[in-house]
Each structure stands twice: as structure tokens, then as C-alpha cells.
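Trainee: Okay, here's the prediction I keep looking at, along with the sequence it came from:
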Amino acid sequence: MPSSVEPAHPVGHHTPGPPGPATPSSGDGNRVIPFGRRTTRTGRGRRTPQPAQPERVVAPDDSPQQRLALDVEAWFIAHKATLTDETAAHVYRTTLDFLQLMLNSSHAEERLNPDEYQHLTGMMQVLRDAPDAL
């Protein structure tokens, strides 16, 4: 059994680029936006600037957003978690951010028309704000 200091792949074996299949092209000029790992650090350990996060808005009591937040929280409680826990809320938002990235890619590939994209993105933002409404 190899020790942890031995290379995982035989010497001379190198796979260029990120893991997974190569970025396909559909032949009609559309490209698939790769979901590769992006680092937030520069070569010297400094973080690269990140885009600003949208401002969170707390919904008034008994608004549709508040009711949705309570529904989402009830779902989490049924699964033995809560969005009032900062760690759970962070994982929840991170997952929604990834889903938004997938929506952006689908829109860029013209798999979603502008109205569908706008509608789904709006829903994602309301869901993303749910922990703040609790």
C-alpha cells in the first residue's frame, strides 16, 4: 500500500486541465461554460477581488417572502436542521449560489429564454434571502 508521501499517479502521468470531460461544443457555435474549480487566491497568497454580494433584504411579517422563509425552515426542521444556524445557512446559500451558476450557464447556452431566466433567478434570490427573514 502506498504511503501518503508517494504520488497518487505513476511518474510521468499528468492530466492537463480540470478533472472531468473536455469542454464540448455543440457544433452550432454554442459553447458550454465549464464549471471548473476557480481559485480566489493569487500566486502570492492574496485573495483576488470577489464580486459584491447582493444586499439582503428582510421581509416584513406575513409577506410572501416571510411565509416562504417559514416553509423552507419547516423543511429544514423536518430534516433535523435549521436555517437559524449560521453554518447551515451558509451551506444553504452556497448551494443556491451554485444553482444560480448553473442557471447562468443555461441562459448563456440559450437553453433558457430571457423570461424563464428572469423568473428562476428571482425565485433563487427570494430563496437565498430566506435565512434573513427568520
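Mentor: Everything's here; your move. Numbering: from 1, shown residues only.

Trainee: packing partners for the longest helix along the chain?
Mentor: Counting residues, the longest helix found in the chain (DSSP state H) is helix 86-108. Other elements packing on helix 86-108 under the criterion 3 or more C-beta pairs under 8 Å, 6 or more residues apart in numbering; DSSP states H and E are helix 114-128, helix 130-133. No exception for glycine: its C-beta is placed from N, CA and C like everyone else's.

Trainee: can you do 10 Å?
Mentor: For helix 86-108, the packing partners by 3 or more C-beta pairs under 10 Å, 6 or more residues apart in numbering; DSSP states H and E come out as helix 64-78, helix 114-128, helix 130-133.

Trainee: May I see those organised as a markdown table, with mean pLDDT, distance to residue 92 and mean neighbour count added?
Mentor: Listed next are the helices and strands packed on helix 86-108 as a markdown table, based on pLDDT from 0 to 100; distance: least, C-beta to C-beta, whole Å; neighbours: other C-beta atoms under 10 Å:
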| stretch | mean pLDDT | distance to residue 92 | mean neighbour count |
| --- | --- | --- | --- |
| helix 64-78 | 91 | 8 | 15 |
| helix 114-128 | 93 | 8 | 14 |
| helix 130-133 | 91 | 7 | 20 |
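
Trainee: Kindly present those helices as a markdown table, with separate columns for distance to residue 107.
Mentor: As requested, the helices and strands packed on helix 86-108 are exported to a markdown table (distance: least, C-beta to C-beta, whole Å):
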| stretch | distance to residue 107 |
| --- | --- |
| helix 64-78 | 23 |
| helix 114-128 | 4 |
| helix 130-133 | 23 |
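
Trainee: Can you say which of those helices is nearest to residue 101?
Mentor: Closest to residue 101 of those, according to C-beta to C-beta: helix 114-128, at 10.4 Å.

Trainee: contacts for the closest one?
Mentor: Residues outside helix 114-128 that contact it (C-beta atoms under 10 Å, 6 or more residues apart in numbering): 53-54, 56-57, 59, 64-65, 68-69, 72, 92-93, 95-97, 99-100, 103-104, 106-108, 110-113, 133.

Trainee: Among the helices and strands packed on helix 86-108, which comes closest to residue 86?
Mentor: That would be helix 130-133 among those, by C-beta to C-beta, at 8.7 Å.
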